[in-house]
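Peer 1: Just to be clear, the model below is a prediction. Sequence and coordinates:
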Amino acid sequence: MNRLPFTLVVGAIITAFFVGTALLSLVWTPHDITELEISQRLQPASATYWLGTDQFGRDMVSMLMEGSRTSIAVALIAVGLGIVVGVPLGLAAAAARGSLLDEVIMRGNDLIFAFPSLVIAILITAVYGPSATNAIVAIGIFNIPVFARVARGGALPIWTLDYILAARTAGKSRARISAEHVLPNIANLLIVQATIQFSLGILAEAALSYVNLGAQPPTSSIGKMLAESQTMIYSNPSLAVLPGLAIVIMVLGLNLMGDGLRDALDPRLRRARG
Amino acid sequence: MTRYLLVRALSLSLSLIVASVVIFAVIEVIPGDPAAFMLGLNATDESIANLRAELGLGGSLTERYANWITGMLRGDFGTSYTYRVPVADLILDRIWVSLPLAIFALILSTLIAIPVGVIAAATRGGAGDFSIMGATQLGIAVPNFWFAMLLVLLFAVTLQWFSAGGFPGWDNPAAALKALTLPAIALALPQASILARVMRSALIETLDQDYIRTARAKGLSRSQAIRRHALKNALIPVLTIIGLQFSFLLAGAIIIENVFFLPGLGRLIFQGITQRDLVVVESVTMLLVFAVIVVTFLVDIAYAIVDPRLRRR
Amino acid sequence: MIEIEHLTLGIRGTPILDDVSLRIEQGEIFGLVGESGSGKSMTALSVMGLLPRGTTINGAARLDDVDLLTLREHDLRQIRGNDIGMIFQEPMTALNPVQTIGDQVAETLLIHDAADRAEARRIARDRLDRVGLSHIELDRYPHELSGGQRQRVCIAAAIALHPRLLIADEPTTALDVTTQAQILDLLKGIVAEENMALLLITHDLAVVSDMADRIAVMQNGMIVEQGETAQVLRDQVHPYTSALFAASAHQPDRTEPAQSDAILSLRDVHRHYPGPRQGFIRGDPVRAVDGVSFDLQRGESLGLVGESGCGKSTLTRAILGLDPVTSGQIILNGAEISPAMPRARRAQMQVVFQDPYGSFNPRWRVDRIIAEPYFLLDAPPHGIDRDDAISAALEAVRLSPGDALKYPHEFSGGQRQRIAIARALITRPDLLVLDEAVSALDVSVRAQILDLLADLQTEFGLSYLFISHDLTVVRAITDRVLVMQAGRIVEQGETQAMFTAPQHPYTQSLLAAAPRLPDDIGERHDALV
């Protein structure tokens, strides 16, 4: 077995840490953040409050744990939505290259690209009010054309290869060929793209909840923490700095993991290493 | 070239029409009765009826859609329910903050990213490349609105070089640009990180092409080959990303306005949401989508200029 | 004039060249021949100073009295394009797609400050005229030109400054035979006119035998033999040269077909595509296949020859039942072929493709690959029966049953073609379509595969439809040949008769263009084998 890329190892450790604490927050956090203890507001870091407390006396560590859980959950489901809808569309478009179906799918993708996640979130929120579900739908819809394009772009060169022709002379349908031959060979591309969209999703979720288009109390979210800290930025900058750092490290970890995966999975590199 | 651009223009007009239908459907069809929705639970039947008349909700859906579209084409975006003024006026006041901010950021991001990407590609595998890649990796991970808060903390609170927010208006262009500088930097740097990485990989890919070897065999140095051959070819994928980034920058501008208390479209739209002013939300989202589609078309034109394979069609 | 002495070269510790020495005189054409990976291109690139990073190099490459290997990059740049020009294999990608051809030729002059802009354009015009592109304007872009025309542009740019040495690295490998003949003619003419030296690198012994004054044969980074062309071809001192020679002219032993009933019949087959758009109206439909009729007899091996774009790929896809025909009929064993035909009918016909690397899903194991056509059978074998059938197929192509558990990347190009043949045989088809099946292989491997195909034909009573652009291969393996041009069969007949006395002018031009080894030597060698 070849040595794993350094970036993959570091990225995976960081990601595992955040996913781990997010899962842990389901059953345990150092403090209960639904109870506001005004007497304990704006405490500095201590043995009781590892990173201090906010202006409502909530423990920052617990807030961050639950906040990153929201970020991860929203981004993960949005990536899932993008894959489940986008990849089949992209495969179908590639299998029917140049046909009306291909044209419709690709033009539909262009159309979605004209709606930034924020605009979708604004539209949904205007009618249904803000919620974490909005954020998921808004980010997930935007992920669909991304995965459709990656799938189509990866599938097209494969469709020109002789093993596809061989499969067709073996009487296999385009759908079966897409599943048996094309999908396994673009899986690497999709995995790498999934980590990228995952990290973009975390950033997008933070932005949406920052402008109050995402998760609502009592759900904690990092974007919300940043919005609340904004008025305190002169007196207590750490309230704004800590949640931001959490996002940066989480996203950095995912991106490193994505880069590492690309290196580890790239067949060209693998062949070069023998 | 004409045919190519004509086809693209047609396709994008179609996108615009479909987009308008989607927005119309979400705002005016899904809530059932928009008037009742806007007034909330405590509204009387009479006030709802009044608002219905005011919004022109009498006709059929197709009539209402046609009225909305033809109105917008005439520059009539309807009247805001909460402000009691034409939405067009509201937008006109604010677009001169959001649009310049997005364009400012786009220019900044491009001006930073392209040289940085080129340097990284030219020094591939070296120390320069390594540090640039590290810095951009960090840049991509930073949420722009949080970065904006840090900039405020540093340049407005600590160093006091800039004011922490607000906008003096374009009567004093220098002051206006200064007020937009921190927001533009906050928007531009994360996008520049992405663009620099795209530039780098596009250039590295073109440097592996056969025509670079041909150029070197003619006696061009490595940097001559980059300047005269690789750069223009590498620009083609970069253009795509620049086009896509505009929609992120426009959306980002709306969010960043919150950090700097800028009176832009963002403020308008978030107030529209809280006050259930659907007329404002509908028009502003349509405008945003329109802007994105126009930029897509500009990128298509740029493609045709750079790539002769499209030009002769 | 140029002299390479004891050149030894390695890339990151892997030895590439070992003690290569050769000299080329003014006005001489020097052929450097070898199979892929033998180090021919690396030899040329070290003269140009364009070696990849991480290369360690020893020895000398002298231009007159200057050792190029000791020059600094700055001085090398004065030599590249000025004293030494070079052209490459892939004309389709060798030119910058976003720059006009005039600018790309003129660039050679401008970069060396040999002319001002106007003068450079004038010279570029003149050089393009010289390479036979007088009808092409300077402001054309590469994508508007054919492959042969692009290679001419490359030559024009390479000779713009009248270099003393031109290096041509497989300059015609990507081109059709008639274009190849024209380009080789052009190179020959330029060399004579300019009294320039030409280093011609190729895998094709026949190409250099026509062209070169002297040749060197390379194998595994070493020159195993060099000298006057006629002498090297006659003596074949080194076993590798004679093996290469034998393989080039290889003729597998074949048994004559006995029966005479048609297994495959085409009756007036047409396949038209919508024409290119002209404005918003479509032009006339493209008649890719334009009324093709022929019979393939049971047990026969039938060749289908034509240059790229002649419609043979389209025809192949129609015969395989992958694409519909516009009109006409394709009959296999008495039943009609179409994309909607029942699977059992497909099982009677299988195919082997050209590319030994693209023919298999890299994530599938060999047993799964070989068994894929079982999808065509209603009751495919299972369990031990399936394993036995796969083993038998592997043994039939002279691989071992243990190979079933490996992945494609563990095999060489020739072995991969054997796996492709095993896959084609698994359903025991009557007809095998061989679509450029040996074109991507080095000559020595190609000879082995041709032998295998000849054996299998006898063993399994197969009929072959052998599609190729390569006349020598078709000559070696077929009983009859069809010549295709612009969607039509322009000539058909017995292979031997066709090759000795072609009737149609197109066939004649194809045969005239094909580079050939001197006949007497080839025959002498056949007698020895």
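Peer 2: Structure's in. What do you need?
Peer 1: tell me the secondary structure for C:P252?
Peer 2: Here C:P252 is recorded as coil under DSSP: H, G, I helix; E, B strand; the rest coil.
Peer 1: Grab the nearest non-local neighbour of it.
Peer 2: Leaving aside its chain neighbours, C:P252 sits nearest to C:A454 (3.9 Å; criterion: C-beta to C-beta, 6 or more residues apart in numbering or on different chains). (Glycine included, C-beta is placed from N, CA and C.)
Peer 1: isn't that neighbour right up against C:H250?
Peer 2: No. At 10.5 Å, C:A454 does not count as touching C:H250 under the criterion of C-beta atoms under 8 Å.
Peer 1: quick one, what contacts the residue in the stretch 151-300 of chain B positioned nearest to chain C?
Peer 2: As assessed by C-beta to the nearest C-beta, chain C sits closest to B:G219 within the stretch 151-300 of chain B, at 3.4 Å. With contact set as C-beta atoms under 8 Å, 6 or more residues apart in numbering or on different chains, B:G219 has these partners: C:R77, C:Q78, C:I79, C:R80, C:G81, C:N82, C:T108, C:I111, C:H112.
Peer 1: quick one, what contacts residue 45?
Peer 2: No chain in the question, so chain A it is. Per C-beta under 8 Å, 6+ apart, neighbours of A:A45: A:L51, A:G52.
Peer 1: Actually, chain C is the one I wanted.
Peer 2: So C:L45 contacts C:L51 (C-beta under 8 Å, 6+ apart).
Peer 1: Could you verify that it is part of a strand?
Peer 2: No. Assigned with three-state DSSP, C:L45 falls outside any strand and is helix.
Peer 1: what about it, distance to C:T55?
Peer 2: Distance of C:L45 to C:T55, given as C-beta to C-beta, to the nearest Å: 9 Å.
Peer 1: circling back to that earlier point, restrict the contacts of B:G219 to those near chain B?
Peer 2: C:R77, C:Q78, C:I79, C:R80, C:G81, C:N82, C:T108, C:I111, C:H112 (C-beta under 8 Å from any C-beta of the partner chain).
Peer 1: Could you tell me which of those residues belong to helices?
Peer 2: C:R77, C:Q78, C:I79, C:T108, C:I111 (DSSP state H).
Peer 1: what residues does chain C put near chain B?
Peer 2: Contact residues (C-beta under 8 Å from any C-beta) of chain C with chain B: C:48, C:50, C:73, C:77-82, C:85-88, C:90, C:93-100, C:107-108, C:111-112, C:141, C:143-144, C:154, C:157-158, C:277, C:279-280.
Peer 1: at 7 Å what do you get?
Peer 2: Listed as neighbours of chain B in chain C under the rule C-beta under 7 Å from any C-beta of the partner chain: C:48, C:50, C:77, C:80-82, C:86, C:88, C:90, C:93-98, C:107-108, C:111-112, C:141, C:143, C:154, C:157, C:279.
Peer 1: Now which of those would you call buried?
Peer 2: For these, a burial check counting by 16 or more other C-beta atoms under 10 Å in any protein chain shown picks out C:48, C:77, C:80-82, C:86, C:88, C:90, C:93-98, C:107-108, C:111-112, C:141, C:154, C:157.
Peer 1: Convert the C-alpha atoms of stretch B:193-204 to CSV, please.
Peer 2: Extracted C-alpha coordinates of stretch B:193-204, given in CSV (Å, rounded to 0.1, in the frame of the first residue of the first chain):
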residue,chain,number,x,y,z
SER,B,193,-8.2,32.4,-3.6
ILE,B,194,-10.5,30.2,-5.6
LEU,B,195,-9.7,32.1,-8.8
ALA,B,196,-5.9,31.9,-8.3
ARG,B,197,-6.1,28.2,-7.8
VAL,B,198,-8.2,27.8,-11.0
MET,B,199,-5.7,30.1,-12.9
ARG,B,200,-2.8,28.0,-11.6
SER,B,201,-4.2,24.6,-12.6
ALA,B,202,-5.4,25.9,-16.0
LEU,B,203,-2.0,27.3,-16.7
ILE,B,204,-0.3,24.1,-15.6
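Peer 1: Is it positioned near chain C?
Peer 2: No. Using C-beta under 7 Å from any C-beta, stretch B:193-204 stays clear of chain C, with a minimum separation of 13.3 Å.
Peer 1: how about that stretch: buried residues?
Peer 2: Going by neighbour count (16+ other C-beta under 10 Å), the buried part of stretch B:193-204 is B:S193, B:I194, B:L195, B:A196, B:R197, B:V198, B:M199, B:R200, B:S201, B:A202, B:L203, B:I204.
Peer 1: pretty sure the fifth one is touching B:T136, no?
Peer 2: Yes. Proximity of B:R197 to B:T136 meets the contact threshold set by C-beta atoms under 7 Å, at 5.3 Å.
Peer 1: any idea how far stretch A:177-187 is from the chain center?
Peer 2: Mean-position distance between stretch A:177-187 and its chain equals 23 Å (C-alpha atoms, centre = their mean, to the nearest Å).
Peer 1: you'd agree A:V241 is in a strand?
Peer 2: No. Checked against three-state DSSP, A:V241 lies outside a strand; its state is helix.
Peer 1: Put together TSV for the contacts of B:G219, with pLDDT on each row.
Peer 2: Converted to TSV, the contacts of B:G219 look like this (pLDDT from 0 to 100):
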residue	pLDDT
C:R77	92
C:Q78	92
C:I79	93
C:R80	94
C:G81	92
C:N82	93
C:T108	94
C:I111	93
C:H112	94
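Peer 1: which bits of chain B sit near chain C?
Peer 2: Checking chain B against chain C by C-beta under 7 Å from any C-beta, the hits are B:3, B:209-211, B:213-214, B:216-221, B:224, B:229, B:232-233, B:306-309.
Peer 1: Now go through the residues you listed and say which are in helices.
Peer 2: Using DSSP H, the subset of the residues of chain B next to chain C located in helices is B:3, B:210-211, B:213-214, B:216-217, B:224, B:232-233, B:306, B:308-309.
Peer 1: what's the closest of these to B:T240?
Peer 2: Nearest to B:T240 among those: B:V306, at 11.2 Å, using C-beta to C-beta.
Peer 1: With the flanking residues excluded, which residue is spatially nearest to residue 19?
Peer 2: The chain I'm using is chain A. In space, A:V19 is closest to A:I72, 6.3 Å off (C-beta to C-beta, 6+ apart).
Peer 1: ah, I was thinking of chain C
Peer 2: Leaving aside its sequence neighbours, C:D19 sits nearest to C:H6 (C-beta to C-beta, 6+ apart; 5.3 Å).
Peer 1: Could you do C:G221 as well?
Peer 2: C:G39 (4.1 Å).
Peer 1: From A:G253, how far out is the one you found?
Peer 2: Taking C-beta to C-beta, one finds C:G39 at 45 Å from A:G253.
Peer 1: And for A:I14?
Peer 2: Applying C-beta to C-beta, one obtains 3 Å for the distance of A:I14 from A:G253.
Peer 1: More neighbours: those two, which one.
Peer 2: Shown here are A:I14 and A:G253; by other C-beta atoms under 10 Å in any protein chain shown, A:G253 has more neighbours (23 against 19).
Peer 1: for the stretch 201-313 of chain B, which spans come out with low pLDDT?
Peer 2: Low-confidence segments of the stretch 201-313 of chain B (pLDDT under 70): B:311-313.
Peer 1: mind listing the helices in it by residue range?
Peer 2: B:210-217, B:222-225, B:231-260, B:265-274, B:278-306, B:308-311 (DSSP state H, counting those that start in this stretch).
Peer 1: Using TSV, lay out these together with mean neighbour count and distance to chain A.
Peer 2: Output for the helices of the stretch 201-313 of chain B, formatted as TSV (neighbours: other C-beta atoms under 10 Å in any protein chain shown; distance: least, C-beta to the nearest C-beta, whole Å):
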stretch	mean neighbour count	distance to chain A
helix B:210-217	24	17
helix B:222-225	16	23
helix B:231-260	23	4
helix B:265-274	22	5
helix B:278-306	21	4
helix B:308-311	17	17
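Peer 1: I'd like these laid out as JSON lines, including distance to A:I120.
Peer 2: Putting these into JSON lines (distance: least, C-beta to C-beta, whole Å) gives the following:
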{"stretch": "helix B:210-217", "distance to A:I120": "42"}
{"stretch": "helix B:222-225", "distance to A:I120": "44"}
{"stretch": "helix B:231-260", "distance to A:I120": "10"}
{"stretch": "helix B:265-274", "distance to A:I120": "13"}
{"stretch": "helix B:278-306", "distance to A:I120": "9"}
{"stretch": "helix B:308-311", "distance to A:I120": "31"}
